[in-house]
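Student: Provide a 3D model corresponding to the input given below.
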Amino acid sequence: RDTFMNGYQPGTVKPLLAHEFFHFVQYNYASPSTSRTWLDEATATYFEWKAGGTTPHVVSKYWNLLFDGIFPEEDDAANGYARMPLIEYLAGTQSEAFVLSAYENGGAEGDWDNALHVAMGGSPKAWAADFYEQYVAQKITSAYGPYLLYKEIVAGTDEFAQVGTTLALTVPDEEEIAAALENDDVPVLGTTTLSLPALGARLVALTMDEDSLEELDDGMDPVLHVEGAAALAAFAIRGNNFGVLRGEGDITLTDFRMNIEDKTQYLVLVVGLQEEDRADVEFAVQLKPGIRLASITCTGGDSDRSVTTGVNAALSDAGAIPVNEDGTFGVTVDRAETQWQSTYGDSDSTLFDIWVENLVLDGTWDAVTQTGSGTFSCHHTADGSEEVAGSFGATKNHYLWESDVEGDFEMAIEEGELVIKFHARYSTKKTETTE
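Tutor: Numbers count the residues shown, from 1 in each chain. As a prediction, this is how the structure comes out:
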C-alpha cells in the first residue's frame with residue numbers, strides 16, 4: 001500500500017489502523033493456510049472505508065475486477081479490494097453479522113464456499129442482479145456511474161473495454177424483416193455474444209446513427225432480449241440523470257426514437273446467473289415481436305355514420321378474411337344489409353335501412369409495427385322515414401340517401417383487440433319527401 005508515499009496526510013492513519021486491526025481479528029478465526037485472501041481484503045477494506053468515510057483508492061483502482069463475479073476466479077488481494085462494495089451491499093441487506101458468520105463457519109477448516117453460502121443466506125443467484133444494478137447506479141460505493149461508464153465504453157477505453165462493449169443498431173430492410181418473419185424469427189437491430197463470468201456482469205452501450213434512426217418508425221420500440229441464464233436491466237441516461245428499466249424477461253425500450261432524438265443514451269446491464277464457469281450468451285436488440293394475423297374477422301358494430309355502419313356489416317357478413325404471408329389481404333362483398341339509428345330531423349330519431357353494394361377492400365398488416373392500412377370503395381344506400389307532429393296533424397318524412405364511397409382505413413391493436421378506423425370520402429344524393 002502506498003498510503004504514505006507522498007508524506008503524511010491527515011485522516012489516513014485511523015482508516016489504515018482499522019484495516020490492519022481487522023486482519024488481526026480475522027486471524028483469530030482463520031490461519032494463513034485456511035484463509036481466503038480476497039475475503040480478508042474485502043472485509044478489511046470495508047472497515048477501513050467505515051473508519052475513514054472516503055473510498056480507499058485501491059477500491060477504485062481495481063473496480064473492473066468486480067464485474068468478474070461475486071466470487072472471484074483468482075484469490076488475491078486485488079480481487080478483494082474490488083469487492084469492498086460487495087461487503088457494503090451485504091452489510092446493508094443482511095447486517096455486518098454475516099462477516100462473523102462467514103469466519104466462524106469457514107475459518108477453521110477453510111470450507112469457504114459453504115461458509116459464504118450460509119453467511120449470505122443462500123446462493124447469490126437470488127440477489128446478484130440487484131447487487132450489480134445498485135453498483136452501476138452508485139447506490140453503493142462505485143467508481144463510475146452510468147454516464148461515465150457509457151461514455152468510456154463507447155470511446156473504447158481499455159479498462160472499460162474489459163467490462164463492456166458497444167453495439168451499433170441498424171434497422172433491417174423490408175426483405176430482411178419479411179425473411180425473418182417467414183422463418184418464425186424475430187427481426188433484430190443488433191446482436192452480440194457476451195462471455196459472462198459465473199455470477200458476474202457485462203455492460204452493453206447501445207448506439208444508433210442518424211441515418212438508421214430515420215429508418216425507425218415511431219411505433220417500432222426495440223426489445224432487449226438475452227438467451228440463457230441471465231438477468232437484464234437498462235439505464236436510460238441523460239447527462240448525470242438516469243432511470244432504470246426492468247422486466248421479468250425482455251425489456252421494451254418504449255418511445256425509443258423520441259428518446260434517442262432527445263439525447264437519451266441506453267446502457268444495458270447483463271448479469272450471468274450461472275453459478276459455475278463462464279457462459280457465452282447471445283444478447284439481442286429485437287424489433288418488437290409482432291402478431292402475425294392469419295385472418296381478420298369483423299364483428300360489426302354501430303357508428304354515428306351510416307356509411308361506416310354499412311361497411312362494418314358487409315365485413316361481418318364476409319367472415320374470416322385470410323391474410324397472406326406478406327401481410328396483404330382483400331375482400332369483395334356483393335351486398336350487405338343492416339339498420340342504423342340516426343337523429344336526423346327535428347323530432348323522433350330515424351331508423352334507416354342500410355344497403356352496401358360492391359364493397360372492395362384491400363389492405364396490409366405490418367407484424368412489426370402492429371399496424372395496418374388500406375383502401376375501400378362501395379355503393380351505399382340509406383332509406384328511412386319518421387313521423388313529425390305539427391299544428392295540422394302528423395306528417396311522415398321519407399329520406400333516401402345514395403353515395404358512391406371511396407376511403408382508407410387504419411388498423412391497430414388496442415387493449416388486446418384489433419380496431420379498424422375508416423375514413424370515408426363521398427358525396428350523397430339526397431331525396432326527401434313528405435306525406
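Student: show me where pLDDT drops low in the stretch 151-300 of the chain?
Tutor: Filtered on pLDDT under 70, the stretch 151-300 of the chain yields the residue ranges 181, 219, 289-292, 300.
Student: that one: strands as residue ranges?
Tutor: Using DSSP state E, counting those that start in this stretch, the strands of the stretch 151-300 of the chain run over residues 164-168, 188-196, 201-207, 223-226, 230-238, 241-246, 251-252, 265-272, 279-286, 295-296.
Student: so can I have a markdown table of these showing distance to Gly310?
Tutor: C-beta coordinates here come from the backbone N, C-alpha and C atoms, glycine included. Putting the strands of the stretch 151-300 of the chain into a markdown table (distance: least, Cβ to Cβ, whole Å) gives the following:
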| stretch | distance to Gly310 |
| --- | --- |
| strand 164-168 | 51 |
| strand 188-196 | 43 |
| strand 201-207 | 49 |
| strand 223-226 | 40 |
| strand 230-238 | 47 |
| strand 241-246 | 46 |
| strand 251-252 | 39 |
| strand 265-272 | 48 |
| strand 279-286 | 41 |
| strand 295-296 | 18 |
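Student: closest to Met84 out of these?
Tutor: Taking Cβ to Cβ, strand 201-207 is the member of the strands of the stretch 151-300 of the chain nearest to Met84, at 16.7 Å.
Student: pull out the buried positions in that closest one.
Tutor: Buried residues in strand 201-207, counted by 16 or more other Cβ atoms under 10 Å: Ala201, Arg202, Leu203, Val204, Ala205, Leu206.
Student: OK, contacts around Gln162?
Tutor: Residues near Gln162 by Cβ atoms under 8 Å, 6 or more residues apart in numbering: Asn64, Phe67.
Student: mind doing that once more with 10 Å?
Tutor: Contacts were defined as Cβ atoms under 10 Å, 6 or more residues apart in numbering; by that measure Gln162 touches Asn64, Leu65, Phe67, Asp68, Arg202.
Student: cool, Ser349 as well?
Tutor: Per Cβ under 10 Å, 6+ apart, neighbours of Ser349: Gln341, Ser342, Thr343, Gly384, Glu386.
Student: selecting buried members of the residues you listed in ChimeraX, what would you type?
Tutor: Here is the ChimeraX command that selects the buried residues among these (16+ other Cβ under 10 Å):
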select :342,384,386
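Student: now the contacts of Ser349 in TSV, with pLDDT and distance to Asp277?
Tutor: Formatted as TSV, the contacts of Ser349 follow (pLDDT from 0 to 100; distance: Cβ to Cβ, whole Å):
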residue	pLDDT	distance to Asp277
Gln341	85	71
Ser342	79	73
Thr343	65	74
Gly384	88	77
Glu386	81	81
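Student: just name the most buried of the strands of the stretch 151-300 of the chain.
Tutor: Burial of these is given as mean neighbour count (mean count of other Cβ atoms under 10 Å); strand 265-272 ranks first at a mean of 24.
Student: for that one, list the C-alpha coordinates in PDB.
Tutor: Provided in PDB are the C-alpha atoms of strand 265-272 (Å, rounded to 0.1, in the frame of the first residue of the first chain):
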ATOM      1  CA  GLN A 265     -28.400   7.100 -24.100                       C
ATOM      2  CA  TYR A 266     -29.000   3.400 -23.200                       C
ATOM      3  CA  LEU A 267     -26.600   1.300 -21.200                       C
ATOM      4  CA  VAL A 268     -27.700  -2.400 -20.700                       C
ATOM      5  CA  LEU A 269     -26.600  -4.400 -17.700                       C
ATOM      6  CA  VAL A 270     -26.500  -8.200 -18.300                       C
ATOM      7  CA  VAL A 271     -25.900 -10.400 -15.200                       C
ATOM      8  CA  GLY A 272     -24.900 -14.000 -15.500                       C
END
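Student: okay, now the sheet partners of it, with direction.
Tutor: If you go by DSSP bridges, strand 265-272 pairs up with strand 201-207 (antiparallel), strand 230-238 (antiparallel).
Student: give me the distance from the shortest one to the chain's centre.
Tutor: Using Cα atoms, centre = their mean, to the nearest Å, the mean C-alpha position of strand 201-207 is found 14 Å from that of the whole chain.
Student: same question for stretch 284-298.
Tutor: The mean C-alpha position of stretch 284-298 is separated from the chain mean by 17 Å, Cα atoms, centre = their mean.
Student: what segments of this protein are helices?
Tutor: 13-26, 37-52, 57-61, 77-82, 84-93, 97-106, 112-119, 128-136, 146-155, 158-161, 174-182, 210-214, 256-261, 306-318 (DSSP state H).
Student: which non-adjacent residue is nearest Glu41?
Tutor: Among residues not flanking Glu41 along the chain, Gly80 sits closest, at 2.7 Å (Cβ to Cβ, 6 or more residues apart in numbering).
Student: sorry, wrong one. I was asking about Leu203.
Tutor: Gly164 (3.5 Å).
Student: wait, which of the contacts of Gln162 is closest to Gly363?
Tutor: Checking these against Gly363 with Cβ to Cβ, the nearest one is Arg202 at 43.8 Å.
Student: report the separation between the closest one and Phe352.
Tutor: Noted for Arg202: a distance of 66 Å to Phe352, by Cβ to Cβ, to the nearest Å.
Student: with Phe24 instead?
Tutor: Distance, Phe24 to Phe352, using Cβ to Cβ: 96 Å.
Student: neighbour-wise, which of the two wins?
Tutor: Just comparing Phe24 and Phe352: by other Cβ atoms under 10 Å the higher neighbour count belongs to Phe352, 23 against 9.
Student: list the contacts for that one?
Tutor: By Cβ under 10 Å, 6+ apart, the residues touching Phe352 are 306, 309-310, 338-342, 344, 381-386, 399-401.
Student: could you rerun that using 7 Å?
Tutor: By Cβ atoms under 7 Å, 6 or more residues apart in numbering, the residues touching Phe352 are Ser306, Gln339, Trp340, Ser342, Ala382, Asp383, Gly384.
Student: now it, nearest residue through space, not along the chain?
Tutor: Sequence neighbours aside, Gly384 is the residue nearest to Phe352 in space, at 3.6 Å (criterion: Cβ to Cβ, 6+ apart).
Student: what's across from Glu414 in the sheet?
Tutor: Applying DSSP bridges to Glu414 gives these bridge partners: Glu417.
Student: tell me how many other residues surround it.
Tutor: 7.
Student: and the gap between it and Ser60?
Tutor: As judged by Cβ to Cβ, Glu414 and Ser60 stand 51 Å apart.
Student: generate CSV for the contacts of Phe352, with distance to Val99 as supplementary columns.
Tutor: What follows is the contacts of Phe352, written out as CSV (distance: Cβ to Cβ, whole Å):
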residue, distance to Val99
Ser306, 78
Gln339, 79
Trp340, 78
Ser342, 80
Ala382, 83
Asp383, 88
Gly384, 85
